[in-house]
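Asks: Here is a sequence together with a model predicted from it:
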Amino acid sequence: MITEIRHIIFSNDELKLVFQSVPLDGFDPARRITRIQVVEGPPPSIRIQSEAAGGGGRSELEVESYQLARLMVAYCRDKKIPLPKDALKTIHAQGDALCFSIMSTLG
């Protein structure tokens, strides 16, 4: 049996694109993201600091790992990055980036 493991690294800049392009409950994508902080786990989470257009209304939102996984899968689909449906998917912090690991059995 052969096992394939892939790692997709989401840099801080790429995480901003994820939150601006994939809908997240409680977050308006029109808001300007001023900071994304990766919080090590287990499980990891993310803190998003943003402000409304025009510089008013600052807010902070914490995104849990189960929400991150859903967003990353949707973002990969949108960007045409292939993900096996039956693969084991995990997320872990890697500095100020997130590593999305995909492990699948081949054969």
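Replies: Looks like it came in fine.
Asks: got any ranges where this protein has weak pLDDT?
Replies: Scanning the chain for pLDDT under 70 picks out 55.
Asks: what ranges do the strands span in it?
Replies: Here the chain has its strands, by DSSP state E, at 2-10, 32-39, 45-51, 58-63, 88-94, 97-106.
Asks: partner strands of the fourth one, parallel or antiparallel?
Replies: If I follow you right, that is strand 58-63. Take DSSP bridges as the rule and strand 58-63 pairs in its sheet with strand 45-51 (antiparallel).
Asks: Mind listing what's buried along the partner strand?
Replies: Ser45, Ile46, Ile48, Ser50 (16 or more other CB atoms under 10 Å). Heads up, the C-betas are built off the backbone N, CA and C, glycines and all.
Asks: residues touching the third one, list them.
Replies: Taking CB atoms under 8 Å, 6 or more residues apart in numbering as the contact definition, Ile48 lies against Phe19, Phe27, Ile33, Arg35, Ile36, Glu60, Leu61, Glu62, Val63.
Asks: close enough to count as contact, the fourth one and Gln49?
Replies: The reference is to Arg35. Yes - counting by CB atoms under 8 Å, Gln49 is a contact partner of Arg35 at 4.2 Å.
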